[in-house]
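Student: For reference, the sequence and a predicted model appear below.
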Number of protein chains: 2
Amino acid sequence: MLHAAEEIARVLGQDAVCYDTDVLEHHGHSDWSTSNSPGRAVAVVYPKSTEDVSAIARICNNRNVPMVPFGAGSSVEGNFSQPHSGICVDFSFMDKIVAFHPDDMDVVVQPGVNWVDLNNHIASSGLFAPMDPSPTATVGGMVSTNCSGTNAFRYGTMKDWVLNLTVVLADGTVIKTRRRPRKTSAGYNLTSLFVGAEGTLGIVTEATLKLAPIPQATSVAVVPFPTIHAAASAATALIRSGIQLAALEIMDDQQMAILNAHGSPTVRKRHWAEQPTLFLKFSGTTAAAVQSDIARTAALIAENNNTTQGQTAPPPFHFARSKQEEHDLWAARKECLFTMTSMRPAGHAMWSTDVAVPISRLAELIDWSQTECRKLGLFASVVGHVGDGNFHVAMMYDPRDKAQVAAVAGCVQRMMDKALEMEGTVSGEHAIGIGKKACLRDELGEATVGVMRGLKRAVDPKWVMNPGKVFD
Amino acid sequence: MLHAAEEIARVLGQDAVCYDTDVLEHHGHSDWSTSNSPGRAVAVVYPKSTEDVSAIARICNNRNVPMVPFGAGSSVEGNFSQPHSGICVDFSFMDKIVAFHPDDMDVVVQPGVNWVDLNNHIASSGLFAPMDPSPTATVGGMVSTNCSGTNAFRYGTMKDWVLNLTVVLADGTVIKTRRRPRKTSAGYNLTSLFVGAEGTLGIVTEATLKLAPIPQATSVAVVPFPTIHAAASAATALIRSGIQLAALEIMDDQQMAILNAHGSPTVRKRHWAEQPTLFLKFSGTTAAAVQSDIARTAALIAENNNTTQGQTAPPPFHFARSKQEEHDLWAARKECLFTMTSMRPAGHAMWSTDVAVPISRLAELIDWSQTECRKLGLFASVVGHVGDGNFHVAMMYDPRDKAQVAAVAGCVQRMMDKALEMEGTVSGEHAIGIGKKACLRDELGEATVGVMRGLKRAVDPKWVMNPGKVFD
């Protein structure tokens, strides 16, 4: 493997290859994740172009050395870990906006571009890339995990925003999956095959992303509910209504208590009801349209509450009366993961998992998951993209305590099984990585995973592209 | 091949196999298309279940006999033709709605279900399947060509509405691509790989389709423009505005003249300006929201007209003032293909083609295509889904006149080349079939088509699934 690194240094230059132990450690382990592997790459390499990546692939493939692409390192299923060692390919120097076509509403970017930077850069055009995963995430990782975030309810997931990809295959061949039309039915949809493939089929070196017009009028509302079931039921009624919400999120009572106790100053301006709460984002082309959506939503929530719980008072519906308040309310939803992480006791780890089920089953599964987590006697909290039937559970535990680790792992496994029983998925937006390979087999069965394996073998016969991920 | 048919008859019953020449002819040739092959299947077989299809595949694969799935026969690129003969698999008896989940907003259907019937059947739930290709189309063909239609501007294409597929592979293995969550990032996106694969990777025997709420308020407007360029420019401005139109269609002056001369009685209630015309569909959750969209659209069109053409009068903007008028206006757009076909002189054929380009190039390409077509001295007309950068050109010619055939073929080829020069695609929504295989290679290059070929070989090593389509 070291020979591969040396050969890469000869082609790309000594500067492009790093053997520093700290750097290798940083590229091989995530503090955010429980899915880690003891393996480390022998070197991190820094390509500057598609041609560089092609050279790296040619060298690694010839020498049967694994290649593991690395973006921002914010994925949580061990997607960039190196269980079989190999060469880690870091895209820090491929962070250019290659071409911006405002009239076509698309942008061509390298994989190292951060989505927040991209949106700042193009904001004056009135356009934006609507996926909103971790603020640190870069396009390569967003493509490879088929990421989403709070905007997915309105805008779909990453696969819906990629027009084409330039991909370096295992042997160094460079392909482009499509040209640049917004719509096509020409040939197999290779774009969607590489999106979410976690770098196991090829390395993305350029992506053309569709852009959306920035909504001209927006607002935010928060509604606390007596139970998580009532909140999830109201969410289902809203989804069915056809009101086009921009986002529909849920936070449980634990999360709301954390906001009061540990939130940022912005968030603590307000005292939050410590009850399960829906966060709603509205967007439209005019303020009048947004106001009409808000009124209809409030009426629908009141009505749903009466139907499902007898003639009780409707839950208090609070919507932002200024842009500042809108920002502050949404900040509470966006910062919850960071707040939770910061209050973690020293030495404790967080196991964060992610499932999605058909929307009618969501309330039941959230209920069930909360009960299971509480049985552990550990801190556990539910937060999620309820509009998509997708939610996350985070549990804090002491990784040195074997019994705790086993208890948390067992709880996560039962949650997966339950989601599958409900015809759901073991990963809504974090992908499979090394953490959920067995779950994927449970979800789709050996024949379907066998087809995936056959496809990988067709483009990566030596199995050198990010091996050990998705399936074995 | 006949042995395969006989063996199928032994397993499925004699009733399930048909050798009738008229039936074979009907399944092997399309009057709607110029992409036909002289080959015919040796038999048409009629499965009733996934198990039947699996048995057919096993038998055909063992005997190296091609299998060609057949839905409604409305595709136009020879997608169901049988250049290598084989067994034609007709889904007429697999036309059941398997399960309807209104609370999850999805429906499980067999491939023979017609989308209009489906939408009628579920209408009372307030949900619908939003793709609107030919009214005769069935789900299997819609999936396999990644169809769309006038609703694609708002709702995307077929790939965006398929949650999972049950697929029979070449050797008879049955796989399911996903379970039923609306969002997932678990494993490769096999669903999107089979959508648009034209039956060359496997045969779809069941599909779970996402459904959308039926818009509660709608309206339709028509706006004639002095030139097709002005119409296309106004369309681009509308797309950029973020006003969420339900559809945005264009018809050229020839099409509008046809409406006056040959339209149905409904359509001829009105005298149409014989100028390039935009058809706009509005939809929203309230009548007020739709009215506000209409007002903004009218203002934007007037403004765009002033900017691009000096201080001329804005084009007359007419919107429906009743549900009946809304229906009548949209009927004009929907019936144009049928009207054109019915006025075709005896013995004449229609060459209909379909390209899509980045939206900023659309006006130029439509202009260019019209000019090219007029040079031929034949009847030719442009109609299209301008909101997606996608349009169709239809040309009438006498197939017995070799010079005319060559002229039309040359014109279509130049149109493809021009679309590719503009980074577009050779097929926006009709797929590749046998008609556009060379164009696909021109569009994506040999390496990309090579990857597609490798994927096919991985799941269909004997090359028996709809051979001769997409690529060779």
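Tutor: Noted; the coordinates are in hand. Given the structure is predicted, the values throughout are model-derived calculations rather than measurements. Numbers count the residues shown, from 1 in each chain, chains lettered A, B, ... in the order given.

Student: Below-threshold pLDDT in the stretch 351-472 of chain A: ranges please.
Tutor: Scanning the stretch 351-472 of chain A with the threshold set as pLDDT under 70 gives no residue ranges.

Student: Now stretch A:420-435 - C-alpha only, PDB.
Tutor: In PDB, the C-alpha atoms belonging to stretch A:420-435 read as follows (Å, rounded to 0.1, in the frame of the first residue of the first chain):
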ATOM      1  CA  LEU A 420     -38.800  -3.000   8.900                       C
ATOM      2  CA  GLU A 421     -42.000  -4.600  10.300                       C
ATOM      3  CA  MET A 422     -43.700  -1.400   9.400                       C
ATOM      4  CA  GLU A 423     -42.300  -1.600   5.800                       C
ATOM      5  CA  GLY A 424     -39.800   1.100   6.600                       C
ATOM      6  CA  THR A 425     -36.100   1.600   6.000                       C
ATOM      7  CA  VAL A 426     -33.100   1.300   8.300                       C
ATOM      8  CA  SER A 427     -31.600   4.500   7.000                       C
ATOM      9  CA  GLY A 428     -33.600   7.600   6.000                       C
ATOM     10  CA  GLU A 429     -30.700   9.900   5.200                       C
ATOM     11  CA  HIS A 430     -27.400   8.600   6.800                       C
ATOM     12  CA  ALA A 431     -26.800   5.700   4.400                       C
ATOM     13  CA  ILE A 432     -25.400   2.300   5.400                       C
ATOM     14  CA  GLY A 433     -21.600   2.700   5.800                       C
ATOM     15  CA  ILE A 434     -20.100   0.000   8.000                       C
ATOM     16  CA  GLY A 435     -22.700   0.400  10.700                       C
END
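
Student: helix or strand for the residue most central in space within chain A, which one?
Tutor: With distances taken as Cα atoms, centre = their mean, residue A:147 lies nearest the centre of chain A, 3.8 Å away. Here residue A:147 sits in a region with no helix or strand, counting by DSSP states H and E.

Student: Please name the nearest non-neighbouring residue to it.
Tutor: By the measure of Cβ to Cβ, 6 or more residues apart in numbering or on different chains, the closest residue to residue A:147 outside its immediate chain neighbours is residue A:133, 4.1 Å from it. Where C-beta positions appear, they are placed from N, C-alpha and C, glycine not excepted.

Student: domain parsing for chain A?
Tutor: Chain A is divided into the following domains under automatic domain parsing: A:2-90, A:97-213, A:217-338, A:344-438.

Student: least reliable of those domains going by mean pLDDT?
Tutor: Taking the mean pLDDT of each of the domains of chain A, the lowest value is held by domain A:217-338, a mean of 88.

Student: Indicate whether that domain makes contact with chain B.
Tutor: Yes. On the criterion Cβ under 8 Å from any Cβ of the partner chain, domain A:217-338 is in touch with chain B at A:236, A:239-244, A:284-286, A:288-289, A:292-293, A:296.

Student: The residue nearest to residue A:147 contacts residue A:115, correct?
Tutor: Yes. Between residue A:133 and residue A:115 there is a contact at 7.5 Å, judged by Cβ atoms under 8 Å.

Student: Pull up the overlap in contacts between these two.
Tutor: The contact sets of residue A:133 and residue A:115 overlap at residue A:142 (Cβ atoms under 8 Å, 6 or more residues apart in numbering or on different chains).

Student: All set, thanks.
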